[in-house]
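Asker: Build the 3D model from these lines:
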Amino acid sequence: MRPRHAPVIFLVLAIAWTWPAAIAWDGWLVGRHFDLPGTAWFLSAGPRMGLDLHDPLTGWPEGITYYRPDSYVLLVASWLLQGLPAHVSHGLLQVLGVTASAWAAEAFARAAGARMPWSLLAGLAFGFSGLAANALLEGHVYHVMDPWMPLFGWAWLRATGPGGRPHHGALAALFFALTTMTTAYLGLAAAVIAVGFAFGGLAELRLRFPFAAALTAAAGVGVFGAWYLHQFSAAGAVEGLPGYDAASRELFLMGNSTDLVGLLTPTPAVDRFFHAAAPTFSATALCLAGVAPLVLSAETRWKTLLGTGLAALVLSMGPWLHLGETWIPLPMVAISDLPAADLLRHPRRLGWAWVLCGGVVAALVATRLAEHRGRAAWPLLACALIDAFVVVGLPLRQGARPAQVPSAYLAGEGAVFDLFPTQPGLTYELNGWLQGLACWYQTGHGRPIVDDCVVTRAAENPRVGLSQTVLAGLLEGETGAVLSAMRGRRVSAIALHGDLFHPSDRARLIQALSRIDPDPVSSADGGEALRIYRVR
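Answerer: This next block holds a predicted model:
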């Protein structure tokens, strides 16, 4: 088996693991949780945004400038794939993203000294990890579009290793920037790798440390990091979790951290409440990395890789480790009471650095074992496949929804206001689903909408505030106030998503809206019954 076979192997595995993403063209939006439709919407809306990232068709009538999108790489992908329907682009990116990420991790392992086929273990640990599964289930496809982190690891290891040159440092800075522009959490994981490899190089090489290469990389990373933090600040992201005191913030972080229960297998709560939570790291990679001190010699920099990976694993566990009745403080507790901890609201995603470094160490160990045990080491590859397909559980955990948009939207022109249930009792996740549906439907009808399609807090979404006014007016029979509110937003139609309301409320809303438009356009396709009332 030769290195050129690796991308083909990973492509076949990725098609199976992300299924049914490969047949998304057949009318499916592949994913399970509430961020899915919003991410797919971004693939449709990206091409119409200028370099200022202003979208005139959301947040109508003012439009919205999306200062810092979740992924600049996804934005570029939307430009390149604008000829395809959004759900097809989304499925294609799932397959190609997993393939490219796994292949890059496998190449990193070979560069570190592993040989085929054992270098495949690094690709399986990174590209087919529980974190990658979470991203696909949650609708965060851009998390798996990350060959850049393995390439950064390779370049940074070269820059801080024997014979490091300034061009290695420049490559490391470039790949760090691409990693961070894929998503900020991957950038933070790459920063953990940067610090770990730098300290590892100093410890192992001492006076032979290539300072010129390391400083070149550090300068590039520093400049880019400062610019990116400025983008966060401009977007209002560095402001802390609203209404959270220090204790509540710690509990929030703990709920989004790696725990020992979900470390090697999904917990029973996974996928039951709008989230895929367990990181589910490869048990095969963890076991092989655990015996590295017994198997590997000092001729490779496995200590730096393993130490960096373990540090990332500890950081991914958040501020506290829960063992029975005992709570053990971890390093992140030092920053968990700061408002800026909002930037680390999902510590488990720092585990990306572990699945990369741990996977490379596992490949090195397997290579050495194969030299002494021959075919007896082959079951390790089977174990890694079991980790990906059985323990992590894709594609059986994956879901899909019809990509069809209700045809009633196509009956008119002008801005449309989506009327969903809006009340204080709605959860963050349910509000996210409603926002995502309004934005996803826009990919089909192309009309301006009131929703902000990126904001995460319902109170900041202009549609939510307007919905409260409209619902109150309709339920009280004050259609004049409703018409005034609609005309103030230059809205041409109200889309009633009646299936989501209690039958008695739905009947009252239909009665009130019939006074605005006695002949609404109705449809029952696209997965729901929809009525469009024209505002004359």
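
Asker: which residues does R489 contact?
Answerer: Neighbouring residues of R489 by Cβ atoms under 8 Å, 6 or more residues apart in numbering: 60-61, 415, 417, 450, 466. The way it works is simple: take the backbone N, C-alpha and C, and place the C-beta from them, glycine included.

Asker: Can you show me the helices along the stretch 151-300 of the chain?
Answerer: Secondary structure of the stretch 151-300 of the chain (DSSP state H, counting those that start in this stretch): helices at 166-182, 184-205, 211-234, 246-255, 283-290, 292-295.

Asker: nope, the stretch 301-450 of the chain is what I meant
Answerer: With DSSP H, counting those that start in this stretch as the criterion, the stretch 301-450 of the chain has helices spanning 302-316, 351-373, 379-386, 428-445.

Asker: Out of those helices, which one sits most buried?
Answerer: helix 351-373 (a mean of 27; mean count of other Cβ atoms under 10 Å).

Asker: what's the angle from it to helix 184-205?
Answerer: When axes from the mean of the first three to the mean of the last three Cα atoms, to 10 degrees is applied, the directions of helix 351-373 and helix 184-205 differ by 50 degrees.

Asker: Quick one: distance of helix 351-373 to the chain centre.
Answerer: 25 Å (Cα atoms, centre = their mean, to the nearest Å).

Asker: repeat for stretch 67-87
Answerer: Taking Cα atoms, centre = their mean, one finds the center of stretch 67-87 at 14 Å from the center of the full chain.

Asker: try stretch 376-383
Answerer: Chain-centre distance of stretch 376-383: 31 Å, with Cα atoms, centre = their mean.

Asker: swap in stretch 417-435?
Answerer: 22 Å.

Asker: which intervals of the stretch 351-500 of the chain have sub-threshold pLDDT?
Answerer: Regions of the stretch 351-500 of the chain meeting the criterion pLDDT under 70 cover residues 423-426.

Asker: Restricted to buried residues, select the contacts of R489 in PyMOL.
Answerer: Selection of buried members from the contacts of R489 for PyMOL, criterion 16 or more other Cβ atoms under 10 Å:
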select buried, resi 60+415+417+450+466
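
Asker: for the stretch 1-150 of the chain, what spans make up the strands?
Answerer: In the stretch 1-150 of the chain, the segments counted as strands under DSSP state E, counting those that start in this stretch are 28-30, 54-55, 64-65.

Asker: Centre of the chain to the second one, how far?
Answerer: Between the mean C-alpha point of strand 54-55 and the mean C-alpha point of its chain there is a distance of 22 Å (Cα atoms, centre = their mean).

Asker: Please identify the pairing partners of that strand and their relative orientation?
Answerer: For strand 54-55, the paired strands and their directions (DSSP bridges) read strand 64-65 (antiparallel).

Asker: re the thing from before, just curious, which of the contacts of R489 is nearest to D387?
Answerer: When the contacts of R489 are ranked by distance to D387 (Cβ to Cβ), V450 comes first, at 44.9 Å.

Asker: quick one, phi/psi of that closest one?
Answerer: The phi and psi torsions at V450 (degrees, to the nearest 10) take the values phi -80, psi -20.

Asker: what about the closest residue to it other than its chain neighbours, which SS state?
Answerer: Leaving aside its sequence neighbours, V450 sits nearest to R463 (Cβ to Cβ, 6 or more residues apart in numbering; 4.3 Å). Counting by DSSP: H, G, I helix; E, B strand; the rest coil, the backbone at R463 sits in helix.

Asker: What of the one 10 residues further on?
Answerer: Of the three states, G473 takes helix according to three-state DSSP.

Asker: need the contact list for it.
Answerer: Per Cβ under 8 Å, 6+ apart, neighbours of G473: 479, 481-482, 485.

Asker: Kindly report the same for D146.
Answerer: D146 sits next to 97, 101, 179, 182-183, 186, 352 when contact means Cβ under 8 Å, 6+ apart.

Asker: 6 Å instead, please
Answerer: D146 is in contact with 101, 182, 186, counting by Cβ atoms under 6 Å, 6 or more residues apart in numbering.

Asker: Same question for D451.
Answerer: With Cβ under 6 Å, 6+ apart, D451 has these contacts: 58, 435, 438-439, 463.

Asker: Between those residues, which sits nearest F128?
Answerer: Among the contacts of D451, C439 lies closest to F128 (Cβ to Cβ), at 29.5 Å.

Asker: any idea how far A190 lies from A114?
Answerer: From A190 across to A114, the span is 21 Å (Cβ to Cβ, to the nearest Å).

Asker: hey, which of the strands of the stretch 1-150 of the chain is tucked in deepest?
Answerer: Mean neighbour count (mean count of other Cβ under 10 Å) peaks for strand 28-30 among the strands of the stretch 1-150 of the chain, with a mean of 24.

Asker: mean confidence score for that strand?
Answerer: Average pLDDT, strand 28-30: 93.
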